[in-house]
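Visitor: give me a 3D structure for the following:
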Amino acid sequence: MQRWKGGHPQAYTPNIDKLAASGVRFVNAQTNIGLCNPSRNSLFTCKIS
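Guide: Model (predicted):
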């Protein structure tokens, strides 16, 4: 099985490997604000600052 970049060769993580194989990778993600808390607040209130 091909491992994700940056994993340690002695770490055996079959469940995490299955989860990563079935996941989705976003290569062009965008956000309205670069900081976490203001971005989350604008998402909840539907207001862009």
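Visitor: quick one: mean pLDDT for whichever helix in the chain runs longest?
Guide: Counting by DSSP state H, the longest helix found in the chain is helix 36-45. For helix 36-45, the mean per-residue pLDDT is 79.
Visitor: what about residue 9, how many residues nearby?
Guide: Residues near residue 9, counting by other CB atoms under 10 Å, number 6. Where C-beta positions appear, they are placed from N, C-alpha and C, glycine not excepted.
Visitor: does it count as helix, strand or coil?
Guide: Taken by DSSP: H, G, I helix; E, B strand; the rest coil, the conformation at residue 9 corresponds to coil.
Visitor: tell me the mean pLDDT for stretch 11-25?
Guide: What stretch 11-25 shows for mean pLDDT is 84.
Visitor: what about it, how long is it end to end?
Guide: This stretch, stretch 11-25, spans 22 Å end to end (CA to CA, to the nearest Å).
Visitor: roughly how far out does the longest helix of the chain sit from the chain middle?
Guide: Helix 36-45 sits 17 Å away from the centroid of its parent chain (CA atoms, centre = their mean, to the nearest Å).
Visitor: tell me the helices and strands packed up against that helix.
Guide: The contact analysis (3 or more CB pairs under 8 Å, 6 or more residues apart in numbering; DSSP states H and E) places helix 36-45 against no helix or strand.
Visitor: alpha carbons only: can I get that helix in PDB?
Guide: Extracted C-alpha coordinates of helix 36-45, given in PDB (Å, rounded to 0.1, in the frame of the first residue of the first chain):
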ATOM      1  CA  CYS A  36     -10.100  30.700  11.200                       C
ATOM      2  CA  ASN A  37     -12.400  32.500  13.600                       C
ATOM      3  CA  PRO A  38     -13.600  35.300  11.300                       C
ATOM      4  CA  SER A  39     -14.100  32.800   8.500                       C
ATOM      5  CA  ARG A  40     -16.200  30.600  10.800                       C
ATOM      6  CA  ASN A  41     -18.200  33.500  12.000                       C
ATOM      7  CA  SER A  42     -18.900  34.700   8.500                       C
ATOM      8  CA  LEU A  43     -20.000  31.200   7.500                       C
ATOM      9  CA  PHE A  44     -22.500  31.100  10.400                       C
ATOM     10  CA  THR A  45     -23.900  34.600  10.000                       C
END
